[in-house]
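J.: missing the sequence, but the structure's below:
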């Protein structure tokens with residue numbers, strides 16, 4: 001790998017709707033082939049050339065973390081998701097150029113026909129080397145590209161084929177269930193329905209003093225925060241395990257979990273769940289902080 005004052009990176013963007021093992025193979029081969037320190041995988045909030053996606057942005061980001069986080073020198077970046085809009089590639093490149101030396105942009109060979117329609121194509125073409133993912137024998141039209149590499153990889157399945165035909169053989173096993181739920185027409189639950197499920201399960205399993213804070217209008221990392229008391233340290237873990245089992249069966253993704261005997265924090269992206277013994281809840285007064293945030297957002 002290259003050792004520079006600023007890390008040399010390649011950017012691999014896309015809808016990842018859903019991400020599949022072909023995407024993972026592209027990332028692995030790019031790290032091996034290119035002189036880079038880091039590969040940034042950047043899921044799009046919405047592809048500029050599409051009007052909708054199969055899964056929500058939050059869901060696709062969670063899937064991408066599941067698929068790519070296990071790879072060395074590969075990092076999922078949520079920049080475009082955080083923008084909450086379709087973000088032109090040039091904007092993404094300029095953003096990461098502030099922190100990295102962005103040398104390469106990975107694209108599929110099918111993008112070559114529309115590259116000149118991209119916003120500020122000339123600027124992009126002058127500043128990066130294109131890495132074109134293709135299959136053996138594919139004819140590439142590269143006359144308008146300043147510099148390029150070919151990453152030849154025979155990928156047997158595309159995200160489009162998964163969406164249109166429901167073929168999940170090449171989808172990572174940890175992602176298959178949630179993709180299947182969506183493909184079968186069971187649309188992801190609205191946040192209110194998900195909160196209702198969480199409260200119902202916590203109440204059923206004897207959690208106490210359950211509170212929900214609506215922070216959708218606040219500058220906070222989640223739209224909703226759920227706090228519940230466990231009866232004791234053993235009950236804390238039991239409540240979390242029950243929630244995890246129930247929610248994963250409904251296609252929910254746990255982006256991160258911090259588990260101890262006294263406190264469990266589960267990050268579902270737009271929902272944070274805190275389960276704790278009463279002593280910890282009293283010590284940290286988390287609901288006071290969250291109440292202030294909620295009040296400010298509604299002011």
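T.: Yep, it's here. Treat the numbers as computed from the prediction; the structure is a model and nothing was measured. Residues are numbered from 1 along each chain as shown.

J.: any idea of the mean pLDDT in stretch 34-46?
T.: Averaging pLDDT along stretch 34-46 yields 94.

J.: quick one: buried residues of that stretch?
T.: 34, 36-46 (16 or more other CB atoms under 10 Å). C-beta coordinates here come from the backbone N, C-alpha and C atoms, glycine included.

J.: now, the most widely separated pair of those?
T.: Pairwise distances across those (CB to CB) peak at 29.2 Å, for the pair 37 and 46.

J.: okay if I get the buried residues of stretch 34-46 as a markdown table plus distance to residue 208 and secondary structure?
T.: Below are the buried residues of stretch 34-46 laid out as a markdown table (distance: CB to CB, whole Å; DSSP: H, G, I helix; E, B strand; the rest coil):
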| residue | distance to residue 208 | secondary structure |
| --- | --- | --- |
| 34 | 54 | coil |
| 36 | 51 | coil |
| 37 | 49 | coil |
| 38 | 45 | strand |
| 39 | 46 | strand |
| 40 | 44 | strand |
| 41 | 41 | strand |
| 42 | 42 | strand |
| 43 | 38 | strand |
| 44 | 42 | coil |
| 45 | 39 | coil |
| 46 | 42 | coil |
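
J.: now those residues in TSV, with distance to residue 211?
T.: Output for these, formatted as TSV (distance: CB to CB, whole Å):
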residue	distance to residue 211
34	49
36	46
37	44
38	40
39	41
40	38
41	36
42	36
43	32
44	35
45	31
46	34
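
J.: all strands of the stretch 151-299 of the chain, in order?
T.: Ranges of strands in the stretch 151-299 of the chain, per DSSP state E, counting those that start in this stretch, are 208-214, 224-229, 256-259, 263-267, 271-276.

J.: any idea which of those strands gets closest to residue 240?
T.: The nearest among these, by CB to CB, is strand 263-267 at 4.4 Å.

J.: residue contacts, residue 230?
T.: 207-208, 236, 238-239, 275-277 (CB atoms under 8 Å, 6 or more residues apart in numbering).

J.: switch to 7 Å and redo it
T.: 207, 236, 239, 275-277 (CB atoms under 7 Å, 6 or more residues apart in numbering).

J.: mind listing the residues bridging to residue 134?
T.: Counting by DSSP bridges, residue 134 is bridged to residue 152.

J.: residues contacting it?
T.: 109, 140, 150, 152.

J.: dump those residues to TSV, plus neighbour count and pLDDT.
T.: TSV is the format used below for the contacts of residue 134 (neighbours: other CB atoms under 10 Å; pLDDT from 0 to 100):
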residue	neighbour count	pLDDT
109	18	86
140	12	85
150	15	92
152	14	85
